[in-house]
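[1] predicted model and sequence below, questions to follow.
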Amino acid sequence: MSNNMLYLSENPIKFEPVTKSTPVFYDDTNQEVFAVAGEKVTVYNSRDKSKHEIKIPRAGNIISIKYSLDHKLLAVQKSNQSVEFIEISTGRVHTQCCRKGSGNVIGFNWTCQNEIVIINHQGIEFYHISTTGNKLTADFIKSYNVNVYWYVYSPQFCVLVISSTLAGNLLHPFHFKIPQHGASSINKLPKFQVELPCSGPEERSGLLEREISIITIHGKLFLAIMKNPRVGQESYKTAEISLYVLPQDQPAYKVATLLLGITGRFALNCVDNMIVVHHQNSKTSMMFDICWDPTTDSNSQNIIQLSTTKMPPLVIPNFSLRNENGVRTYRPILQPMSIAPFSYEGRPCEMYSSSWVVFQPDIVIDAKLGFLWELKLSVFKLSTQMVCSKPSLVKLLLHRKNYRNTILSTLRSLITTKSADLSVIGVMFDIINSVIDNVIVTQDDMREEVFSPMLNKDELSVDYKVSIITEYIRSLRLNKLRVNYFYNEILVQLLTRSDNFYKLHQLVQFQVLGDSGPLACLLLSLAQTYEPAFLLGMDMLRRLGDDKGIGDALLSQGAVTEAVKYAGSCNKEDKLNGGRCIEEALRTGDNGLFYATYQYFKTGSKRGIENVADAETTALFLSLFNEV
């Protein structure tokens, strides 16, 4: 089995390969491939793996083609001056030219079901495509006049970033707000400048569209800028990626630098909140994780706060090299590795081909072969190949989507084989339990997948099992999580089985085992084996304010007088089972005790003898009382 942790999806979308007569287009908003053959257009959807054909009359030379989000409209660019809209159900057509006749259309993107932004060299124009009435129309909403050299768009966040200078480093972001009700709006966010790659003495530095990517990590929007050394600098400079956060209320700012260590042609994907940088020359990929900080605590303002999840910082030496002015510098978490080989119908496909094109977040397209893959990450293989401490590994895995089974497997292996010190396992427990709303690795999961296998291994000592369970309970309580009764019960059973009542006494007395009604009852049941357990259980019931439980416990020991006195002293007579008191007094064979107890409930109790039992039982009590 391959050890490659990066691999391509097993069932890719297979489409008509690109040729001179069959151009191929990709729409990253709907994740669809369009293969155009004359008037026939075949559409392949990577989300539902569907395929259908449409016909476009007078298709001509298509520059770009995209469905609206509801697939009721089709936008087709056939020239630099206009965009053509086609209503699928009726075949109605509307051609929209730039409002400024001299502007050339660079591209367009649907922002919602029937709204579209058209980008031209002189600015951007926002339209609502109306299908009501007798004809298809494009209703103008708003425009911004700004020089445009290139642009990038994020369909997930509806954010457009355009470059307005020849150098390419002055960027203007726009956000399209799509409310549930009412009209959409376009907001111009603060413009900002980004660093340019260093240029040679006779070379002009500039930023190109292919060097820019909008990526998403844990729901946060970043602008990733590839900075390759220019001609003549390769001997002393290597490529790097600058990451800028794109907030909505302030200009974008740089937060991280990713050091690639080599030069050449690169492409970038985001897989499972991991930045994956592909290098064509070496046919390898590098992985970066910026979701943790290796040197400071989780409250540090230098940490890139990516999620509302309470995630502890990850400590892996040397992965983050330095922090200058709030900008962290990272290197790959592992040595460069290759994507697992892929074969189709027994024939291997060329990996890292020059015909590969990548799209965010995880799409890889080989237009020459006609494949669309999703890039995947094996969390299990990542866990087996990471060279770091086990707590650091758990922190790393917690940033992945499907980490549950891998974390449970790692813990199970460490605990059942005694491969880690108790202190290390305790830190791992703390990391897992510190995550807010931890519903992935639950206490039930830990019981079934980790602790049950440990308990079933006879070669592990009882003391070791007690230490592990105690450490887990400590971690739960440290993170203010309610401890499932199972853990208290199994701990008491283990200590009782090994006759280690001294430790049990300490754990209860110092409230390592949290107070609960079921635990108190369990302690009371141990009274014949360990007499002080009764007092421990009684004390726990008192702390819980369980007066009925205290009365029942006393009655179970035949202490009828004490139960009645306790109920009377704290005015909790209504909590006491009078019928049971009389029954227990009768069971002792002490006629005096039975007489006194019956007489108390007949004359001294507020409840009255008729309210302590049903009529038949009351009649029986009366008959026995008269005999006495």
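    All right, it came through fine.
[2] buried residues, stretch 532-544. List them.
    Within stretch 532-544, the residues that qualify as buried are 533, 534, 536, 537, 538, 540, 541, counting by 16 or more other C-beta atoms under 10 Å. Glycine gets a C-beta too; all of them are placed from N, C-alpha and C.
[3] same question for stretch 131-150.
    Judged by neighbour count using 16+ other C-beta under 10 Å, the buried positions of stretch 131-150 are 131, 136, 137, 138, 141, 143, 144, 146, 148, 149, 150.
[4] now for those residues: which two are most distant?
    Of all pairs drawn from the buried residues of stretch 131-150, the one with the largest separation by C-beta to C-beta is 131 and 149; the distance is 33.8 Å.
[5] which residue is the nearest non-sequential neighbour of residue 31?
    Of all residues not flanking residue 31 in the chain, residue 46 sits nearest, at 4.5 Å (C-beta to C-beta, 6 or more residues apart in numbering).
[6] same deal with residue 189?
    Residue nearest to residue 189 in three dimensions, not counting chain neighbours: residue 173, with 4.2 Å by C-beta to C-beta, 6+ apart.
[7] let's verify that neighbour: helix, strand, or coil?
    Three-state call for residue 173 (DSSP: H, G, I helix; E, B strand; the rest coil): strand.
[8] you'd agree residue 507 is up against residue 470?
    Yes - the pair formed by residue 507 and residue 470 meets the contact definition of C-beta atoms under 8 Å, at 7.2 Å.
[9] overlap in contacts, these two.
    Taking C-beta atoms under 8 Å, 6 or more residues apart in numbering as the contact criterion, the residues that touch both residue 507 and residue 470 are residue 491.
[10] follow-up on the earlier one: what about the residue nearest to residue 31, neighbour count?
    For residue 46, the tally of surrounding residues (other C-beta atoms under 10 Å) stands at 20.
[11] how many residues are close by the spatially closest residue to residue 441 that is not a sequence neighbour?
    The shortest distance from residue 441 to any residue that is not its chain neighbour, by C-beta to C-beta, 6+ apart, is 5.2 Å, and that residue is residue 432. Neighbouring residues of residue 432 were enumerated by other C-beta under 10 Å; the total is 26.
[12] need the contact list for residue 432.
    The contact partners of residue 432, by C-beta under 8 Å, 6+ apart, come to 394, 398, 407, 438, 441, 475.
[13] now those as JSON lines including neighbour count?
    Listed next are those as JSON lines, based on neighbours: other C-beta atoms under 10 Å:
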{"residue": "394", "neighbour count": "24"}
{"residue": "398", "neighbour count": "22"}
{"residue": "407", "neighbour count": "25"}
{"residue": "438", "neighbour count": "17"}
{"residue": "441", "neighbour count": "21"}
{"residue": "475", "neighbour count": "21"}
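[14] out of those residues, list just those in helices.
    With DSSP state H as the criterion, helices contain 394, 398, 407, 475 from among the contacts of residue 432.
[15] where does the stretch 251-400 of the chain dip in pLDDT?
    Counting by pLDDT under 70, the stretch 251-400 of the chain has low-confidence residues at 292-324.
[16] now the helices for it?
    The residue ranges that make up the helices of the stretch 251-400 of the chain, judged by DSSP state H, counting those that start in this stretch, are 379-385, 390-398.
[17] and the ones you listed, which is most packed in?
    Highest mean neighbour count among those (mean count of other C-beta atoms under 10 Å): helix 390-398, with a mean of 22.
[18] what is that one packed up against?
    For helix 390-398, the helices and strands in contact under the criterion 3 or more C-beta pairs under 8 Å, 6 or more residues apart in numbering; DSSP states H and E are helix 379-385, helix 404-416, helix 422-433.
[19] including distance to residue 352, could the ones you listed go into TSV?
    Supplementary listing: the helices and strands packed on helix 390-398 in TSV, determined by distance: least, C-beta to C-beta, whole Å:
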stretch	distance to residue 352
helix 379-385	19
helix 404-416	27
helix 422-433	36
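[20] got the helices of the stretch 251-400 of the chain as JSON lines, with distance to residue 157 columns?
    As requested, the helices of the stretch 251-400 of the chain are exported to JSON lines (distance: least, C-beta to C-beta, whole Å):
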{"stretch": "helix 379-385", "distance to residue 157": "26"}
{"stretch": "helix 390-398", "distance to residue 157": "24"}
